[in-house]
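# Fold the stuff below for me.
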Amino acid sequence: MRRSIRLLAPVLLLATVAALPGLPVAAEGEDAEFQTTKGKTEPIYTESVLEEYRIPTKHGTLYGVVERPVVPEGVKVPIILTYSPYNVLRRPVGTAPQVEATADAVGNFFIPRGYARAEFDLVGTRESAGCYDHGGLREQETGYDVVEFLAAQPWSTGKVGMIGGSYDGTTQWATAIKTPPHLTTIVPQVAIGRWYDYAYGQGVRFASGSGTPVLFDFGFGFLPPTNVQGGTAWAEAVAAHANPCERVEHNDRAFLPDPVYDEFWDERDYLQQIAKVKASVLLVGSWQDYNVHPVNSYEMWRALPASLPKKLIMGQAGHSGKQVEDNQDLYHAWFDKWLLGIETGIMDLPQSDSEVNQRERFQDASWPPPSTQDIPLTLALGTAEKGAVGLADLETAQWSDDDPQLGESDVLGGNADGAALLFLSPEVAKRVRISGVPVLDAMVTTSAESTHLTPILFDESPDGGRVRITRGLLNSRNRDSLRESTPIAPGSTWRGRVEFQPVDWVLDEGHKLGLAVMSMNTDEALYGDTTQATNELSLDGTSRLVVPTSFGGDQLGKAAVRPAPRPVPVPPVAAAAPSRPAPLPATGGGVASWLALPIAAGAALAVRRRLNARG
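I've put the predicted structure just below:
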């Protein structure tokens, strides 16, 4: 399919633009006090061609489309790829694939600038055959196959970059850990690095993302392909989508009330294999992403090899790839640098770019910033002094977890009597930047064999208003290891280390740092603990809150020495290489499975709304 447009300018212009030097510049506007840069390519091509491809792999035939500019003879172009399960949302059922707009926002911008735009259906979804895999080996190995197939095309320079948010960012990590030789760069946005950390927070099921994997297994991975002109490839995809595959296992594993980390999660743990990544990385996340959660961006960021070209962008825009106002300029500069070899100045910018409190932007040599120190704060009764957070107006630090409907508005509004403990620091006389992973190290006596800890860190303003800074979760059964479930002896005291979600936040002058300790939080957790325990927090100096600060920490307390870098949080016991079970045959169950199509269609419509905000 050829677009009815023409070539606007010769490729010589591209070469001329490429020769221009690129240097970081200050952003425009009164309040923009950050450095930025722009790409150098200009939109010189206005004629393009759209092509369909089918790639045979050992996991099934993959379908995709590529739109690329019509260029002078002998000129080749690099590729910007998205490997996606979402394509079923981009084209109404029953329409031909050729009418879909491959020239999405990415394509519209980059195709005229001399790039090919490729979108391929994830294995087991839409027009691609095979079994949907929930982040597993099929997705990893087929990602490799797509990259190498595209790089080998006669019109390709052999350089492939990837971009996309949410699941479209996750497939980038899945592909990159397999080290395809022609994967040059990736731009994962609000992406999953470790699937366990998407489903669970230290053994507690997250409330967010609770439609996954149901909507993928019984929606995207189940809806039949519609391109009947696909011949045998279409027939293969039809049979594959009717195959039960591992749908039941995926959903069982994603909703266990007492999960353990085993070979299922090892297979879907890209963090364990991140040292294999060879492509440059522009990692984009959000401190306010409570779908995928900032831990997935942060842990992948800090585990990337030091020698790898990389940059970090973290913002406040939630589950979106558009975290900073100049995001398009940065993406443009990044691809021009790594796919076309143009010096745009992107690597001269500070390595870390973080938007804080939706009003201020910090650029640092790394993240957490090099100046970061840990401030240990004792949990104490009464009004706090510096070096502690105090529990006022209570004689004992006891709470119960017999009301599973407790949410953050209840806690921060002071309407959680008996079910939460609220601690406050003294007012700070100057600003404090909290940058890193706060930790609640708690000694707790529990009446039952298990409980949850679901603390909140919050900011209290002088007028008494409270705003959540970050959250944490811990299942007491996983207090010692994610690979083990260990009950508590009722009435005994145990130590729990709750790692909050990573955060970058500024506590303003006159504000107080607050800590809420409880066992339920419907804003963050699917409450699965039915033990209805009574808990008591030890306030004899053995319980403390550790707050990482990059400036102003002396307002809270005396800094400890800068801690040694934490190890990558791979579960401590090395697991055997995961095996891939053979898919169940489609015969004898496929027709019955298709009776669920109305349910699947409804699921797809529901997820369409949930995914509108993805970048």
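
# Wasn't Thr549 part of a strand?
Yes: membership of Thr549 in a strand is supported by DSSP: H, G, I helix; E, B strand; the rest coil.

# Please give the number of neighbouring residues around it.
For Thr549, the neighbour count with other C-beta atoms under 10 Å is 25. The way it works is simple: take the backbone N, C-alpha and C, and place the C-beta from them, glycine included.

# what sits against it?
372-375, 432-435, 556, 559 (C-beta atoms under 8 Å, 6 or more residues apart in numbering).

# could those be laid out in JSON lines, adding distance to Ile55?
Shown next, in JSON lines, are the contacts of Thr549 (distance: C-beta to C-beta, whole Å):
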{"residue": "Thr372", "distance to Ile55": "45"}
{"residue": "Gln373", "distance to Ile55": "51"}
{"residue": "Asp374", "distance to Ile55": "49"}
{"residue": "Ile375", "distance to Ile55": "53"}
{"residue": "Val432", "distance to Ile55": "53"}
{"residue": "Arg433", "distance to Ile55": "48"}
{"residue": "Ile434", "distance to Ile55": "47"}
{"residue": "Ser435", "distance to Ile55": "43"}
{"residue": "Leu556", "distance to Ile55": "55"}
{"residue": "Ala559", "distance to Ile55": "55"}
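
# Just the closest of these to Phe500, please.
Minimum distance to Phe500 across the contacts of Thr549 is 9.9 Å, recorded for Ile434 (C-beta to C-beta).

# which one is Leu421 nearest to, not counting chain neighbours?
Val517 (4.5 Å; C-beta to C-beta, 6 or more residues apart in numbering).

# surely that neighbour meets Ala416?
No: counting by C-beta atoms under 8 Å, Val517 does not reach Ala416; the two are 10.6 Å apart.

# neighbour count winner among those two?
Using other C-beta under 10 Å as the criterion, Val517 and Ala416 rank with Val517 on top: 26 against 21.

# Per-residue pLDDT of that one, please?
What the model reports as pLDDT for Val517 is 96.

# pretty sure it belongs to a strand, no?
Yes: when three-state DSSP is applied, Val517 is found to be in a strand.

# who's in contact with it?
Counted by C-beta under 8 Å, 6+ apart, Val517 has contacts 399, 420-421, 423, 440, 442, 453, 455, 537.

# For Ala380, what is the enclosing helix or strand?
strand 373-381 (DSSP states H and E).

# Using PDB, write out every CA atom in that strand.
Taking C-alpha atoms only, strand 373-381 is exported to PDB below (Å, rounded to 0.1, in the frame of the first residue of the first chain):
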ATOM      1  CA  GLN A 373      22.100   9.800  52.900                       C
ATOM      2  CA  ASP A 374      19.900   7.600  55.000                       C
ATOM      3  CA  ILE A 375      18.200   9.300  58.000                       C
ATOM      4  CA  PRO A 376      17.100   6.700  60.700                       C
ATOM      5  CA  LEU A 377      14.000   7.900  62.700                       C
ATOM      6  CA  THR A 378      13.000   6.000  65.800                       C
ATOM      7  CA  LEU A 379       9.300   5.200  66.200                       C
ATOM      8  CA  ALA A 380       8.200   6.600  69.700                       C
ATOM      9  CA  LEU A 381       5.300   7.400  71.900                       C
END
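
# In terms of secondary structure, what does it contact?
strand 388-391, strand 544-551 (3 or more C-beta pairs under 8 Å, 6 or more residues apart in numbering; DSSP states H and E).

# Can you list the strands that the very next helix or strand once past the shortest one pairs with?
In other words, strand 388-391. Downstream of strand 388-391, the first helix or strand assigned by DSSP H and E is strand 398-400. Applying DSSP bridges to the sheet, strand 398-400 is found paired with strand 534-537 (antiparallel).

# Let me see the mean pLDDT of the strand it pairs with.
Averaging pLDDT along strand 534-537 gives 96.

# Give me the residues contacting it.
Residues from elsewhere that reach strand 534-537 (C-beta under 8 Å, 6+ apart): 379, 396-401, 421, 442-448, 451, 517, 519, 543.

# which stretches of the stretch 351-500 of the chain form strands?
Using DSSP state E, counting those that start in this stretch, the strands of the stretch 351-500 of the chain run over 352-356, 360-364, 373-381, 388-391, 398-400, 420-424, 432-436, 439-446, 452-453, 456-460, 466-471, 474-475, 493-499.

# Ok, which of these comes nearest Asp258?
Of the strands of the stretch 351-500 of the chain, nearest to Asp258 by C-beta to C-beta is strand 474-475, at 7.2 Å.

# Which other helices and strands does the closest one contact?
Counting by 3+ C-beta pairs under 8 Å, 6+ apart, strand 474-475 packs on strand 452-453, strand 493-499.

# Figure out which of those strands is closest to Asp252.
strand 452-453 (20.7 Å).

# Now do the closest one: distance to the chain's middle.
Counting by C-alpha atoms, centre = their mean, to the nearest Å, strand 452-453 is centred 23 Å from the centre of its parent chain.

# And the average pLDDT for it is what?
For strand 452-453, mean pLDDT is 95.

# Adjacent strands (with direction) for it?
Strand pairing (DSSP bridges) places strand 452-453 next to strand 474-475 (antiparallel).

# about what we covered before: just the buried members of the contacts of strand 534-537?
Buried subset of these (neighbour count, 16 or more other C-beta atoms under 10 Å): 379, 397, 399-401, 421, 442-448, 451, 517, 519, 543.

# how does this structure divide into domains?
Using automatic domain parsing, the domain parsing of the chain gives 12-369+589-610, 373-555.

# weakest of the ones you listed in terms of mean pLDDT?
Among the domains of the chain, domain 12-369+589-610 carries the lowest mean pLDDT (a mean of 86).

# How far does stretch 123-139 stretch from one end to the other?
One end of stretch 123-139 sits 6 Å from the other (C-alpha to C-alpha, to the nearest Å).

# chain center to it: distance?
What separates the centre of stretch 123-139 from the centre of its chain is 20 Å, taken as C-alpha atoms, centre = their mean.

# In that stretch, which residues are buried?
Result for stretch 123-139 [16+ other C-beta under 10 Å]: buried residues 123-139.

# Likewise for stretch 305-317?
Within stretch 305-317, the residues that qualify as buried are 309-317, counting by 16+ other C-beta under 10 Å.

# chain center to it: distance?
Stretch 305-317 sits 13 Å away from the centroid of its parent chain (C-alpha atoms, centre = their mean).

# Go ahead and produce PDB holding the CA coordinates of it.
Taking C-alpha atoms only, stretch 305-317 is exported to PDB below (Å, rounded to 0.1, in the frame of the first residue of the first chain):
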ATOM      1  CA  PRO A 305      25.400  -2.200  33.800                       C
ATOM      2  CA  ALA A 306      27.400   0.900  34.600                       C
ATOM      3  CA  SER A 307      29.100   0.800  31.200                       C
ATOM      4  CA  LEU A 308      25.800   0.800  29.300                       C
ATOM      5  CA  PRO A 309      24.700   4.200  27.700                       C
ATOM      6  CA  LYS A 310      21.600   5.000  29.700                       C
ATOM      7  CA  LYS A 311      19.300   7.900  30.900                       C
ATOM      8  CA  LEU A 312      16.500   8.000  33.400                       C
ATOM      9  CA  ILE A 313      13.300  10.100  33.200                       C
ATOM     10  CA  MET A 314      10.900   9.900  36.100                       C
ATOM     11  CA  GLY A 315       7.800  12.200  36.400                       C
ATOM     12  CA  GLN A 316       4.500  12.600  38.100                       C
ATOM     13  CA  ALA A 317       2.100  11.800  35.200                       C
END
